[in-house]
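>>> I would like to see how this sequence folds:
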Amino acid sequence: MTAVAAREPFSEPYVGDDPGRPILELRNVSRKFGSNYILRDISLKVRAGETLCLIGESGCGKSVTMKLLVGLLAPSNGDVCWDGVSIVGRSDDELVRDRLRFGYLFQGAALFDSMNVFENVAFGLRQNTHMTQNFIHETVLERLKEVGLPPSAAFKMPSELSGGMRKRVGLARALALMPDIILYDEPTTGLDPIMTDVINSLIKKTRDRRPVTSIVVTHEMSTVRKVADRVVMFYPLTRLKPDEPQIVFEGTPEEAFTSSDPRVSQFVYGEAGERMQELALL
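Down below sits the predicted model:
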């Protein structure tokens, strides 16, 4: 990776003058793997300073959408824009530099098993900055404190951590470079209700502490209720007609929970509905 001395935001001021401006955008994006389309003609804007939750059934393209937004996947058709500028044609070095503006909490935290907690959190700092060892040490301990972990946790190996602790270490690593945008991919999967609420609270506190934009992929409606400013629901292409849009809902959490669309209400309330009738026909 290319080392950099400092990170610049997308533009100045980042959120202050126009907190509703789109900073990430998909324009008529489709993505297929082999001959199978996962996303079809998706247009989506992520606004500065908001917390956007992406919901929908497994396999409907939520995580693929997140990877497209951050430039980890290229669209099969359409365009991806950061701050209104297409990322198509950017060099690998430019993409690496600009991705330093993003923090990414992966499913399962995706910690390096051969590194202790300290080295996991310090990894991006060592690879992408010229920070001194003392400054890295202070930064790592600050990020661990921010996610509710004591300094003693720094010397533990990932195998010694509970699921909730692993998620918090993953969040500390995502926060290490003070990103402008944080992406959370199923941040509460596999956690008990109390630890789920802890992670939800940390997502909120992270947004409250700094001017950050958050994108959260989740199945947990408790997460949607607690952290979302806006909700977008995807639907599997296999269950849609060729002319039906794949985004079946966009609005506030309150609007999602009061939606008259049975596809939305069945999902947010966890009701099998027509799906049981379909399964009975198999």
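>>> For the stretch 151-282 of the chain, which segments count as helices?
Applying DSSP state H, counting those that start in this stretch to the stretch 151-282 of the chain gives helices spanning 163-175, 193-209, 221-227, 253-257, 262-268, 274-280.
>>> Can you say which of the ones you listed is packed in most?
Neighbour counts (mean count of other CB atoms under 10 Å) averaged over each of these peak at helix 163-175, with a mean of 24. (C-beta placed from N, C-alpha, C; glycine too.)
>>> quick one on the thing from earlier: would you single out the least confident of the helices of the stretch 151-282 of the chain?
The stretch with the lowest mean pLDDT among the helices of the stretch 151-282 of the chain is helix 274-280, which comes in at a mean of 63.
>>> Low-confidence regions, this protein specifically.
Counting by pLDDT under 70, the chain shows low-confidence ranges at 1-20, 273-282.
>>> Figure out the length between the terminal residues of stretch 248-265.
Terminal residues of stretch 248-265 lie 11 Å apart, using CA to CA, to the nearest Å.
>>> What of stretch 189-196?
Length of stretch 189-196, first residue to last, CA to CA: 8 Å.
>>> hang on, the earlier thing: export the helices of the stretch 151-282 of the chain to a markdown table and append columns for distance to residue 35.
Rendered in a markdown table, the data for the helices of the stretch 151-282 of the chain read as follows (distance: least, CB to CB, whole Å):
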| stretch | distance to residue 35 |
| --- | --- |
| helix 163-175 | 34 |
| helix 193-209 | 37 |
| helix 221-227 | 33 |
| helix 253-257 | 33 |
| helix 262-268 | 26 |
| helix 274-280 | 24 |
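>>> and residue 242, which of these is closest to it?
Closest of the helices of the stretch 151-282 of the chain to residue 242 is helix 262-268, at 17.1 Å (criterion: CB to CB).
>>> The closest one - contacts with which helices or strands?
Under the contact definition 3 or more CB pairs under 8 Å, 6 or more residues apart in numbering; DSSP states H and E, helix 262-268 sits against strand 230-234, strand 247-251, helix 253-257, helix 274-280.
>>> where along the chain do the strands fall?
Counting by DSSP state E, the segments of the chain that form strands are 22-33, 36-47, 51-55, 77-82, 85-86, 102-105, 181-185, 213-217, 230-234, 247-251.
>>> Out of the ones you listed, which is closest to residue 159?
strand 102-105 (19.4 Å).
>>> for that closest one, packing partners?
For strand 102-105, the helices and strands in contact under the criterion 3+ CB pairs under 8 Å, 6+ apart are helix 163-175, strand 181-185.
>>> Direction included, what does it pair up with?
strand 181-185 (parallel) (DSSP bridges).
>>> quick one: contacts of the strand it pairs with?
Counting by CB atoms under 8 Å, 6 or more residues apart in numbering, strand 181-185 makes contact with 23-24, 46, 63, 66, 69-70, 101-107, 174-175, 203, 206, 212-218, all of which sit outside it.
>>> orientation of that strand relative to strand 77-82 in degrees?
Using axes from the mean of the first three to the mean of the last three CA atoms, to 10 degrees, the inter-axis angle of strand 181-185 relative to strand 77-82 is 130 degrees.
>>> Output strand 181-185 as CSV, restricted to C-alpha atoms.
Taking Å, rounded to 0.1, in the frame of the first residue of the first chain, the C-alpha atoms of strand 181-185 are listed here in CSV:
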residue,chain,number,x,y,z
ILE,A,181,-17.5,7.3,6.2
ILE,A,182,-18.0,4.0,8.2
LEU,A,183,-19.6,0.9,6.6
TYR,A,184,-21.0,-1.8,8.9
ASP,A,185,-21.7,-5.2,7.4
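>>> quick check, distance from it to the centre of its chain.
When C-alpha coordinates are averaged (CA atoms, centre = their mean, to the nearest Å), strand 181-185 and its chain have centres 3 Å apart.
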